[in-house]
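Just to be clear, the model below is a prediction. Sequence and coordinates:
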Amino acid sequence: MVFKNINEYFQYLYSLERAGMKYDLTNITKLCKALGNPQDKFRSIHIAGTNGKGATASFTASALMEHGLKTGLFTSPHILQFNERIRVNGKCISNTYIKKFLEENIKLIKRIKPSFFEVNTAMAFKYFADKKVDIAVIECGLGGRLDSTNILNPVVSAITQIDMDHMQFLGNTLHEIALEKLGIVKKGVKVIVSDNNRKLVSLFRKDITENELLYLDDIARMKVMSNSNGKLKFKVTPKGEKGIVLATPLPGNYQLRNAAASYFIVKQFLFETGIKFQPGKFKKGISDVKKNTGYFGRLELIKKNGKQYLLDVSHNPNGIKNTITSVKNIGFKPDVVIFGIMSDKDHKSALKEILPLAKNVILTKPDYERAQEPGVLNADSLKLNSRNFLILDNSVKGAIKIAGKMNYKRIMVIGSFFMVSDALKALGIKRIPVE
């Protein structure tokens, strides 16, 4: 089957998502076997978690690039273009490769009937194998144990902050969700754990052998030195070693833990593969993370039409809470907040964080089938007895237009990747602005 243009190829890919998600390893195993098991043809680093895994993956990929390694990076979801999900040395997968992959494997896909993410994962693995990468940094899509990426045999694994998310697949307690994330742990593979929830420490120590567990709070001290002018400066001091001072253009204080985790991931990977760790190159990887990997969407400030738009992809209560703390730290006081969230998230807890942030709140929904209805958000906002001036609109484009007409300059958009994507499109930004 040959489609007329690239948009039809993407429409076909997205139709697989609408067909439903199959949460097991059966399809991805069949797909990759038919493709010659490409996941076994490159070295990998595997990262699971609820919050922070995208930043940790990007920091890690950037630092490995600076060490001269041809580096693949697989993340999700994308913000503006599907191609953002699959990169080699920062460059996105081409439309030409995507077309070729689908044309060559359309019969296989129709026979196995995989989900969107399963095809996406298989494509990434095949691309990294074809490109002969030295290392691929792979972010889990959902959970860990049954995530499509979990057919990897990584050199190093990592688990970032764990929170309540995707409960319909992962469980209704933090303990159950953590167990799913721990499903990526492989025998003989070191695991860096940056989650700092004291309730989960005993679980990590039980499920990961002492020889393989590198628990971040055991092996390092971390301290924020300054956070101003859109730049976070901090110090990571490994146990028994001299500290390293790092700086990044990602302003959230929570990025400290993500960068610290990346420090140990990179060090461990290079040690395992016999390559010398160079602190100066690691520093450059952290400072140039946006330029090297296209990382975008955390406290991003866009100036347009005389207004300041602060965009953030935080999509669950804990992530939103951390973001709001960082918003206060960097001194951004939004006059208007545009908020929308997916229906499978705890929107009530998220609203408790959002409503005190600004008097004017526009409740909306991104153009995505799982988006929560603005009317539901409004009803629950009223139940919280908020004193906000609440406005409802059924599209982010409409919300941006309303905010644009208001006599305010500082506008924040938050609630999901899809919110940020729709906001960029509404502002007429067609490509992610990377420094």
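Thanks, I have the structure now.

Okay, now the unreliable bits of the protein?
Along the chain, segments meeting pLDDT under 70 span 1-2, 18-22, 164-172, 434-435.

Show the contacting residues for the most centrally placed residue in it.
Taking Cα atoms, centre = their mean, the centroid of the chain lies closest to residue 54, which sits 3.3 Å from it. Residues near residue 54 by Cβ atoms under 8 Å, 6 or more residues apart in numbering: 75, 139, 295. C-beta coordinates here come from the backbone N, C-alpha and C atoms, glycine included.

Just give me the neighbour total for the first one.
Just to be clear, that refers to residue 75. 25 (other Cβ atoms under 10 Å).

Next, report how far the helix or strand hosting residue 399 is displaced from the centre of its chain.
Per DSSP states H and E: residue 399 is located in helix 396-405. How far helix 396-405 lies from its chain's middle: 26 Å, per Cα atoms, centre = their mean, to the nearest Å.

what's it in contact with?
Here helix 396-405 has contacts from 305, 307, 336, 338, 340, 362, 364-367, 391, 393, 411, 413, 419, 422-423, 425-427, using Cβ under 8 Å, 6+ apart.

hey, where'd the strands end up in the stretch 151-300 of the chain?
156-159, 190-193, 213-215, 220-228, 231-238, 244-248, 300-304 (DSSP state E, counting those that start in this stretch).

got the residue ranges for the helices in the stretch 151-300 of the chain?
167-170, 174-181, 201-207, 216-219, 255-272, 279-287, 289-293 (DSSP state H, counting those that start in this stretch).

One more: the stretch 1-150 of the chain?
Under DSSP H, counting those that start in this stretch, the stretch 1-150 of the chain gives helices at 6-18, 26-34, 53-66, 95-112, 116-130.

If you count contacts, what does the shortest one end up packed against?
With contacts defined as 3 or more Cβ pairs under 8 Å, 6 or more residues apart in numbering; DSSP states H and E, the secondary structure elements packing on helix 26-34 are helix 95-112, helix 116-130.

Tell me which of these is the most buried.
Across the helices and strands packed on helix 26-34, averaging neighbours per residue (mean count of other Cβ atoms under 10 Å) puts helix 116-130 on top, at a mean of 24.

What lies in contact with that helix?
13-14, 16-17, 19, 21-22, 27-28, 31-32, 35-36, 38-39, 41-42, 72, 74, 76, 85-86, 88, 93, 97-98, 101, 109, 114, 136, 138, 141-142, 148-149.

again, but for stretch 4-15
Residues from elsewhere that reach stretch 4-15 (Cβ under 8 Å, 6+ apart): 3, 82, 95, 98-99, 102, 116, 119-120.

coming back round to it: ok, of the contacts of helix 396-405, which come out buried?
Using 16 or more other Cβ atoms under 10 Å as the burial test, those include 307, 336, 338, 340, 362, 364-366, 391, 393, 411, 413, 419, 422-423, 425-427 as buried.

Just to be sure, which of those residues are found in strands?
Among the buried ones among the contacts of helix 396-405, the ones falling in strands (DSSP state E) are 307, 336, 338, 362, 391, 411, 413.

ok, now how distant is residue 56 from residue 326?
Distance of residue 56 to residue 326, given as Cβ to Cβ, to the nearest Å: 17 Å.

what about the two, which has more around it?
The neighbour comparison of residue 56 against residue 326 (other Cβ under 10 Å) goes to residue 56, with 29 against 22.

what about the residue lying closest to the more buried one once chain neighbours are set aside, how many neighbours?
Distances taken as Cβ to Cβ, 6 or more residues apart in numbering put residue 258 closest to residue 56, at 4.5 Å, once the chain neighbours are dropped. Look at residue 258: counted by other Cβ under 10 Å, it has 30 neighbours.

and residue 258, how far is that from residue 293?
Taking Cβ to Cβ as the measure, residue 258 falls 13 Å from residue 293.

And the contacts of helix 116-130, which of them are buried?
13, 16, 22, 27-28, 31-32, 35, 38-39, 42, 72, 74, 76, 85-86, 88, 93, 97-98, 101, 109, 114, 136, 138, 141-142, 148-149.

Now do the same contact list for residue 379.
Neighbours of residue 379 in contact, by Cβ under 8 Å, 6+ apart: none.

let's see it at 10 Å
Shown in contact with residue 379 (Cβ atoms under 10 Å, 6 or more residues apart in numbering): 363, 373.

any idea how far it lies from residue 403?
For residue 379, the distance to residue 403 - Cβ to Cβ - is 22 Å.

quick revisit: what's the closest of the helices and strands packed on helix 26-34 to residue 204?
Residue 204 lies closest to helix 116-130 among the helices and strands packed on helix 26-34, at 25.9 Å (Cβ to Cβ).

before we move on, the earlier item: deepest-packed of the helices of the stretch 151-300 of the chain, please.
Greatest average neighbour count among those goes to helix 255-272 (a mean of 25), per mean count of other Cβ under 10 Å.

Could you check how far that one is from the centre of its chain?
That offset, for helix 255-272, works out to 17 Å (Cα atoms, centre = their mean).

cool, and stretch 310-324?
For stretch 310-324, the distance to the chain centre is 12 Å (Cα atoms, centre = their mean).

Endpoint to endpoint, it covers what distance?
11 Å (Cα to Cα, to the nearest Å).

Enumerate every residue touching residue 154.
39, 43-47, 135-138, 184, 186, 189-191, 269 are the contacts of residue 154 under Cβ under 10 Å, 6+ apart.

How about it: what's its closest non-neighbour residue?
Using Cβ to Cβ, 6+ apart and skipping the chain neighbours, the partner closest in space to residue 154 is residue 46 (4.0 Å).
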